[in-house]
Structures are given as structure tokens and as C-alpha cells.
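K.L.:
Here you go, sequence then predicted model.
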Amino acid sequence: MAEVYYHTSVSAFGNAAAAREIRVGRIPANVNVDLNLRLNAQADLVLLNPTYTFATPVLGGQLAIGITGLFGRSAATLDGTLTTAVGPFVTTRTGTLSDSITSVGDLYPQATLKWNAGVHNFMTYLTGDIPVGAYSPTRLANLGIGHGAIDGGGGYTYFNEKAGHEFSAVAGFTYNFKNPDTQYRNGVDFHIDWGASQFLSKQLFVGLVGYYYQQVTDDFGQPPILGGFRSRVVGVGPQIGYLFPVGDLQGYLNLKGYGEFAAENRPAGWNTWLTFSLSPMAPTSTVAPTRRIVTK
């Protein structure tokens, strides 16, 4: 069982901000738009991830299945100046739109299969999004994404217990299904999460973490102003972790944070993750396959 507190604060300008107004129906998709908009969003979430690990090997590896649910608050503010034109008619609007919601989010089932060969560890995974969270196509702030998704990939971990070195990388692709409320579908994205750490003792380690997210196909159903609307973001930051016994189980506490940059067509800012977990054995990797909580 893992419990995670997640906080994020992001902002976006131009098309990435206007896309929110178009999607909630405040800008008709067939008008010409001149944009000077800024989107700010914050979220504070608690994620719960119960996991069951099978004792019997599967294909020579260790199979685990689990599901992640979340609860919390999301808020968004859109402000600036918007000029729209339909034929000879031009309208300029300046103001602020705000929205917030406190509720439950989508469910994220996942399955992993892991193999170990000395200091080398290999993993394949399958996860996705079950769209049962609080969502409305007319809201600026949501905790659900309004559509299903499936994500699959693999990972590698080098863990030298004697030297205290650990490096992990997990890469995958996400396929998004069409949003039935808006008839919009996000393109396929590629993502890689990585982490490198050094154990200072048998219990304490420090290191760096990062991710790279790149959409590789165009969105479907977007208005002409947005073009293909492929998104990208890069995140890098520090981490610290601590292992400790809890009865017959292994306790694990990890704090990591990411600063985002090189963003395109999506909000960017910073986010932090505080994780506490209990398991029969210590984790060998500080990286897990995760979907970005804040999307475009």
C-alpha cells in the first residue's frame, strides 16, 4: 500500500490557455481569435495505491497488480484579454474566470511484471485511466479527464547494493480514447521517467529525478486555431528517501519535486510528491510509471 500527497502549481499562455476556454464553450471554435491570456492552476491531491504481489512466478518474473484512486482539490483561473472576430464584427473582452472543485478523481489500474538478474532489473507494465472522476466539459477545473486511456511500456533499474548506486528509467506510450462529451481526442504521447540516487547509508538516499513528455500524433477534433496542438514538457528535480522497518514490513518515505521547462501547448510549473509505503521488501527503484496529473 502506498499513500501519496501531490501538489502542483502550473501556468500557461496563448493557445494552451485559450484551449481551456474553447473546450468549456466560452469561445466558439469557428471564430478568429487574438489572444493575451494566462491560465493558472493548482491542485492538492491524496493518492492511494493498494497493490497485490503474487508469490508464484509468472513467466519467470514477479507479477503485481494494483489500482490508484485520488481525492483532493483542483482550482484554475483564466485571465487576460480576448479579441474575437466573426466577419466584420469584432469583440474584445477583458476579465477573469475562476473555478475550483473538491472531489474524487479517475481510477488508474496497473499491472507490472518484474525480473531480476543480479544488479540488473527489468520491468514491463500496463496501466490506464478509468474515467469515473469528477468531470464536466463546462468547467475550468476538473479532477477527471473525461475519457479513457491505456498506457504500456517497460523499464530498467541498475541497483548495486554494495556501492549504493541506483539508476532507473521507465518509458511508455499512452493512447487516449475520444472524450464522449466534447468529441475531442488527445494524440498518442511518449513519456520517460528516470531517477538516479546514491545511498548514504543502508536507509537514507538522495538523488535526482526527471521526466520527458512528448506528444507524437496530433489531437483530433481541435479547432483550426490550435493546429495539431502537440504538447511537450520536461521536468527535473531532487529527491530524498528513507527506509525503515515497521514490524515485519518495510516502510518507505520519499520526497521529490520537479521544475518544468521547455513546455509547449500545455501548462508548466512545478510539482512535489510525498510518498509513504509499506511492503514486504524494500523497493529497488525510485521510479514508477505514472501519468502526468495535470494535462493540457
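P.N.:
Yep, that arrived.
K.L.:
quick one: least confident helix or strand in the protein?
P.N.:
When each helix and strand of the chain is scored by mean pLDDT, DSSP states H and E, helix 14-23 comes last, with a mean of 61.
K.L.:
In the sheet, which residues pair with residue 109? Tell me.
P.N.:
Applying DSSP bridges to residue 109 gives these bridge partners: residue 67.
K.L.:
Please tell me I have it right and it contacts residue 130.
P.N.:
Yes: with contact defined as C-beta atoms under 8 Å, residue 109 and residue 130 form a contacting pair (6.7 Å). All C-beta spots, glycine's among them, are computed from the backbone N, C-alpha and C.
K.L.:
Might you list the low-confidence residue ranges for this protein?
P.N.:
In the predicted model of the chain, residues 14-37, 81-95, 224-225, 281-296 satisfy pLDDT under 70.
K.L.:
got a list of contacts for stretch 237-255?
P.N.:
By C-beta atoms under 8 Å, 6 or more residues apart in numbering, the residues outside stretch 237-255 that reach it are 195, 197, 202-210, 256-259, 270, 272-283, 286.
K.L.:
What segments of the stretch 1-150 of the chain are strands?
P.N.:
2-13, 32-49, 51-53, 62-86, 89-104, 108-117, 120-129, 149-160 (DSSP state E, counting those that start in this stretch).
K.L.:
can I get these in TSV with distance to residue 238?
P.N.:
Converted to TSV, the strands of the stretch 1-150 of the chain look like this (distance: least, C-beta to C-beta, whole Å):
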stretch	distance to residue 238
strand 2-13	15
strand 32-49	21
strand 51-53	26
strand 62-86	24
strand 89-104	30
strand 108-117	25
strand 120-129	23
strand 149-160	19
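K.L.:
Save those strands as TSV, and put in distance to residue 232 and mean neighbour count too.
P.N.:
Listed next are the strands of the stretch 1-150 of the chain as TSV, based on distance: least, C-beta to C-beta, whole Å; neighbours: other C-beta atoms under 10 Å:
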stretch	distance to residue 232	mean neighbour count
strand 2-13	13	18
strand 32-49	17	18
strand 51-53	31	13
strand 62-86	21	17
strand 89-104	26	13
strand 108-117	22	16
strand 120-129	20	19
strand 149-160	17	18
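K.L.:
quick one, which of those strands is nearest to residue 173?
P.N.:
Within the strands of the stretch 1-150 of the chain, the stretch nearest residue 173 is strand 149-160; the backing value is 6.4 Å (C-beta to C-beta).
K.L.:
The closest one to strand 120-129, inter-axis angle?
P.N.:
Interaxial angle, strand 149-160 versus strand 120-129 (axes from the mean of the first three to the mean of the last three C-alpha atoms, to 10 degrees): 160 degrees.
K.L.:
So that it lines up with my notes, have the first residue be 7 from now on.
P.N.:
Happy to do that; since the first residue is 7 now, the last one works out to strand 155-166.
K.L.:
what angle do strand 155-166 and strand 114-123 make?
P.N.:
30 degrees.
K.L.:
Pull up the pairing partners for strand 155-166, direction included.
P.N.:
Neighbouring strands of strand 155-166 in its sheet, by DSSP bridges, are strand 126-135 (antiparallel), strand 171-182 (antiparallel).
K.L.:
Looking at those strands, which is nearest to residue 17?
P.N.:
Short answer: strand 171-182, nearest of the strands paired with strand 155-166 by C-beta to C-beta, at 23.3 Å.
K.L.:
what distance separates that closest one from the centre of its chain?
P.N.:
In terms of C-alpha atoms, centre = their mean, to the nearest Å, the centre of strand 171-182 is set 12 Å apart from its chain centre.
K.L.:
The helix or strand just after it: partners in the sheet, and parallel or antiparallel?
P.N.:
Note on strand 171-182: by DSSP states H and E, the next helix or strand toward the C-terminus is strand 195-205. In the sheet, strand 195-205 lines up against strand 171-182 (antiparallel), strand 210-221 (antiparallel) (DSSP bridges).
K.L.:
hey, C-alpha coordinates of strand 195-205 in PDB?
P.N.:
In PDB, the C-alpha atoms belonging to strand 195-205 read as follows (Å, rounded to 0.1, in the frame of the first residue of the first chain):
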ATOM      1  CA  ASP A 195       2.200  10.500 -26.300                       C
ATOM      2  CA  PHE A 196       5.600   9.100 -25.400                       C
ATOM      3  CA  HIS A 197       7.000   9.600 -21.900                       C
ATOM      4  CA  ILE A 198      10.000   8.600 -20.000                       C
ATOM      5  CA  ASP A 199      10.600   8.900 -16.200                       C
ATOM      6  CA  TRP A 200      14.100   8.500 -14.800                       C
ATOM      7  CA  GLY A 201      15.800   8.600 -11.400                       C
ATOM      8  CA  ALA A 202      19.400   8.300 -10.100                       C
ATOM      9  CA  SER A 203      20.200   8.000  -6.400                       C
ATOM     10  CA  GLN A 204      23.100   7.400  -4.100                       C
ATOM     11  CA  PHE A 205      22.600   5.600  -0.700                       C
END
